[in-house]
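A.B. asks: quick one: sequence plus predicted model below, questions after.
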Amino acid sequence: MLEALAKNWWALAIRGAVAVLFGLLALFMPGITLGYLVLLFGAYAIVDGVIEVVASFRTPKAHWTLLLEGLLSITAGILTFVWPLMTALILLYLIAFWAIVTGVVEIVTGVRLRKVITNEWKFIMIGVISLLFGVLILFRPEAGALAIVTWIGIFALITGVLLLVVAFRLRGFGEHRPTSTSLPRAAA
């Protein structure tokens, strides 16, 4: 699993960059309307999901966690475009459940990685933040749309930065591992 993640480190880097961009837009445009929030979230969820699905198929032993997370993200994104006039409450619940399930899947993935890499807590932290973010929205939807936009921005920014850190750590792992072509050959 680690070799596959190291080989596809770029997928995590793209996810991180998209999350950072989404987070910055949400934070620096706090007056954004709910309609734009729907479009931004929908686009973010679809791009994130497609990257996860592609990464799951590029893995020799397709990991169900990557595929599940990707399909969940794509579904959440499509639903936001199918019902663009949904109320803020429905959108908030959709985001909350997406973040909770994604967080659980990321925690499971991080725990699985802890036996093969150090500092796996960063990946687990992404899941914990996602899970807490979802629970917070689920139980405090009345906090207001502007506050939710700020929470979404902070969540996406922190998650994006952590994804970038993990991606470049995995890239470094892949570069420092000897490949089968670099091993000395036995004398004939």
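C.D. replies: That came in fine, so what should we check first? Residues are numbered from 1 along each chain as shown.

A.B. asks: count the residues that sit near G172.
C.D. replies: 12 (other Cβ atoms under 10 Å). No exception for glycine: its C-beta is placed from N, CA and C like everyone else's.

A.B. asks: tell me the secondary structure of it, please.
C.D. replies: Using DSSP: H, G, I helix; E, B strand; the rest coil, the secondary structure recorded for G172 is helix.

A.B. asks: from L91, how far out is it?
C.D. replies: Separation of G172 from L91 (Cβ to Cβ, to the nearest Å) stands at 38 Å.

A.B. asks: surely L94 touches V82?
C.D. replies: No: the pair L94 and V82 fails to qualify as a contact (Cβ atoms under 8 Å) at a distance of 11.2 Å.

A.B. asks: neighbour-wise, which of these two wins?
C.D. replies: Neighbours per residue (other Cβ under 10 Å) separate L94 from V82, with L94 holding more: 22 against 9.

A.B. asks: check the more buried one and give its pLDDT.
C.D. replies: Listed pLDDT for L94 reads 80.

A.B. asks: go on, N119?
C.D. replies: N119 is given a pLDDT of 72.

A.B. asks: which stretches in the protein count as helices?
C.D. replies: 2-7, 9-28, 34-58, 64-82, 88-113, 121-139, 145-176 (DSSP state H).

A.B. asks: lowest average pLDDT across these?
C.D. replies: helix 2-7 (a mean of 75).

A.B. asks: which strands and helices sit next to it?
C.D. replies: helix 145-176 (3 or more Cβ pairs under 8 Å, 6 or more residues apart in numbering; DSSP states H and E).

A.B. asks: packing partners of the helix it packs on?
C.D. replies: So helix 145-176, by 3+ Cβ pairs under 8 Å, 6+ apart, packs with helix 2-7, helix 9-28, helix 34-58, helix 88-113, helix 121-139.

A.B. asks: in JSON lines: the ones you listed, plus distance to V166.
C.D. replies: Shown next, in JSON lines, are those (distance: least, Cβ to Cβ, whole Å):
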{"stretch": "helix 2-7", "distance to V166": "9"}
{"stretch": "helix 9-28", "distance to V166": "6"}
{"stretch": "helix 34-58", "distance to V166": "13"}
{"stretch": "helix 88-113", "distance to V166": "9"}
{"stretch": "helix 121-139", "distance to V166": "5"}
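
A.B. asks: out of those, which comes closest to T75?
C.D. replies: helix 34-58 (7.6 Å; Cβ to Cβ).

A.B. asks: and that closest one with helix 9-28, angle?
C.D. replies: Helix 34-58 runs at 170 degrees relative to helix 9-28, counting by axes from the mean of the first three to the mean of the last three Cα atoms, to 10 degrees.

A.B. asks: centre of the chain to helix 34-58, how far?
C.D. replies: 9 Å (Cα atoms, centre = their mean, to the nearest Å).
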